[in-house]
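**Q** Next come a sequence and a model predicted from it.
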Amino acid sequence: MSDNVRTWTAGVPVEDEAWAQIRNLAALPIVAGPIAVMPDVHLGKGAAVGTVIPTRAAIIPAAVGVDIGCGMVAVRTTLTATDLPDSLASIRAAIERAIPVGFAAHKDVPRLDDALEEGAALDRRRASIVRRFDGLAIMARLPKYEVKRVTHQLGSQGGGNHFIEICLDEADGVWAMLHSGSRNVGNTIGETAIAMARRRAEREHIHLPDRDLAWLPENTAEFDEYVAGLAWAQDYAALNRDIMLGFVLAALRRALPLAVAVRATAVNCHHNYAQREAHGGRTFWVTRKGAVSAREGELGIVPGSMGTRSYIVRGKGNPESYASCSHGAGRRMSRGEARRRFTRADLAAQTAGVECRKDAGVIDESPQAYKDIEAVMAAQADLTGIVHTLKQVLCVKG
């Protein structure tokens with residue numbers, strides 16, 4: 001498109017509206033180098049999802065997004081396919097009893113110390129997160145925010161494209177995998193920062209091609225407040241995933257007459273976040289909006305959809321992409337278009353063989369609403385390599 005854009009989209013469709021957002025990003029004066037466009041790229045809020053954005057002494061809050069720290073965690077268990085029952089309905093029910101989905105939260109602060117492996121360590125992390133929340137200056141900009149929401153939503157999934165899955169790998173090993181973020185508190189921090197950036201742009205008469213591309217510059221109180229909130233929300237999201245993973249493993253132990261343990265270290269990676277990084281001898285802010293860090297040898301997760309494959313990947317450290325790769329298949333149509341185009345019968349056919357919801361409430365998550373994950377993986381072969389291929393057999397959606 002221009003000298004300020006690098007793309008990995010060969011063989012993958014991208015809508016014109018997403019290209020327009022990429023052009024807007026590339027033209028901003030704070031951009032520190034070419035925008036890296038991942039093969040799962042699609043229309044987002046201000047900035048296209050599936051972009052890696054280097055910025056100089058500033059961050060664009062809307063480019064990070066409102067689900068700060070959203071990402072994936074996956075772990076291989078000691079189970080194999082033959083250990084699973086013919087019907088997985090009871091396992092799905094056990095997971096849904098243990099983990100609130102959609103807008104729901106735990107009724108009380110969930111117990112961790114005696115319920116989970118590593119529960120005591122998770123409990124200490126939770127206590128630290130709550131203490132740090134009390135010191136977040138960005139939350140003081142709001143009339144009131146109940147700490148109860150922070151503690152009761154830890155260990156909950158959320159809705160939309162968030163999910164919990166049981167998968168089988170190429171050797172019939174059983175994996176637990178899930179996708180979630182920083183819940184309502186991350187959304188609140190993101191929306192507050194977006195509003196701060198917009199007001200600053202208006203106050204300083206900064207012309208923007210899209211008001212959602214307003215940024216917060218370093219050496220300002222607003223920037224410092226946002227960066228502190230950003231770091232906190234990223235840690236909150238990672239802890240949320242680790243707690244849920246513990247609940248999933250505990251649910252498997254309750255549902256199966258077998259010992260269930262972790263066979264390999266969990267992969268826990270963000271795909272909506274910003275941090276300072278060094279690339280090409282320079283240090284600047286890197287925002288991954290729907291992208292995963294893929295440094296040399298680094299493990300990551302690239303999920304497909306409810307009825308397709310997902311991948312555990314190892315980064316190749318490609319400097320052209322700021323050592324990044326895609327965060328999934330990426331939508332090929334909006335949720336509204338998916339609801340208009342597909343029926344419950346279509347959803348059932350597309351998720352055949354997967355224990356999951358097949359009702360009207362998740363039609364917008366139909367597998368065919370997403371891009372072809374095989375094409376996405378082929379387009380980024382120089383960014384990351386496949387370590388494990390996973391096929392979903394159970395999926396919990398909000």
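**A** Noted; the coordinates are in hand.

**Q** Show the contacting residues for the closest residue to Asn318 other than its chain neighbours.
**A** Leaving out its chain neighbours, the residue that sits closest to Asn318 by CB to CB, 6 or more residues apart in numbering is Leu383, at 5.0 Å. For the C-beta atoms, the positions are set from N, CA and C on the backbone; glycine is no exception. Shown in contact with Leu383 (CB atoms under 8 Å, 6 or more residues apart in numbering): 8, 294, 315-316, 318, 321, 324-326.

**Q** can you pull the pLDDT of Cys262?
**A** Rather than Cys, residue 262 is Val. Looking at Val262, its pLDDT stands at 89.

**Q** So what sits opposite the closest residue to it other than its chain neighbours in the bridge?
**A** Distances taken as CB to CB, 6+ apart place Val75 nearest to Val262, at 5.3 Å, with adjacent residues excluded. Beta bridges link Val75 to Ala176, judged by DSSP bridges.

**Q** Neighbours of Val75, how many?
**A** Val75 has 20 neighbours, counted by other CB atoms under 10 Å.

**Q** you'd agree it is up against Gly173?
**A** No: the pair Val75 / Gly173 is not scored as a contact, 10.6 Å apart, by CB atoms under 8 Å.

**Q** Now the common contact residues for the two.
**A** Joint contacts of Val75 and Gly173 (CB under 8 Å, 6+ apart) are Arg263.

**Q** tell me the mean pLDDT for the strand or helix carrying Tyr311?
**A** Here Tyr311 is covered by strand 309-315, with elements defined by DSSP states H and E. Mean per-residue pLDDT for strand 309-315: 97.

**Q** Give the buried residues for the helix or strand just after that strand.
**A** Where DSSP H and E defines the elements, the next helix or strand beyond strand 309-315 is strand 324-326. For strand 324-326, burial by neighbour count (16 or more other CB atoms under 10 Å) applies to 324-326.

**Q** Burial check on Pro100, number of neighbours?
**A** Close neighbours of Pro100, defined as other CB under 10 Å, add up to 20.

**Q** which ones are touching it?
**A** With contact set as CB under 8 Å, 6+ apart, Pro100 has these partners: 106, 153, 155-157.

**Q** Who's the closest spatial neighbour of Ala137, skipping the chain neighbours?
**A** Computed as CB to CB, 6+ apart, the closest residue to Ala137 that is not its neighbour in sequence is Glu225, at 4.5 Å.

**Q** What's the first helix or strand after the helix or strand where the one you found lies?
**A** For Glu225, the host element (DSSP H and E) is helix 221-255. The helix or strand immediately downstream of helix 221-255 is strand 267-270, counting by DSSP H and E.

**Q** one step back: now render the contacts of Pro100 as a markdown table, adding secondary structure and pLDDT.
**A** Shown next, in a markdown table, are the contacts of Pro100 (DSSP: H, G, I helix; E, B strand; the rest coil; pLDDT from 0 to 100):
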| residue | secondary structure | pLDDT |
| --- | --- | --- |
| His106 | coil | 96 |
| Gln153 | helix | 97 |
| Gly155 | coil | 96 |
| Ser156 | coil | 97 |
| Gln157 | coil | 97 |
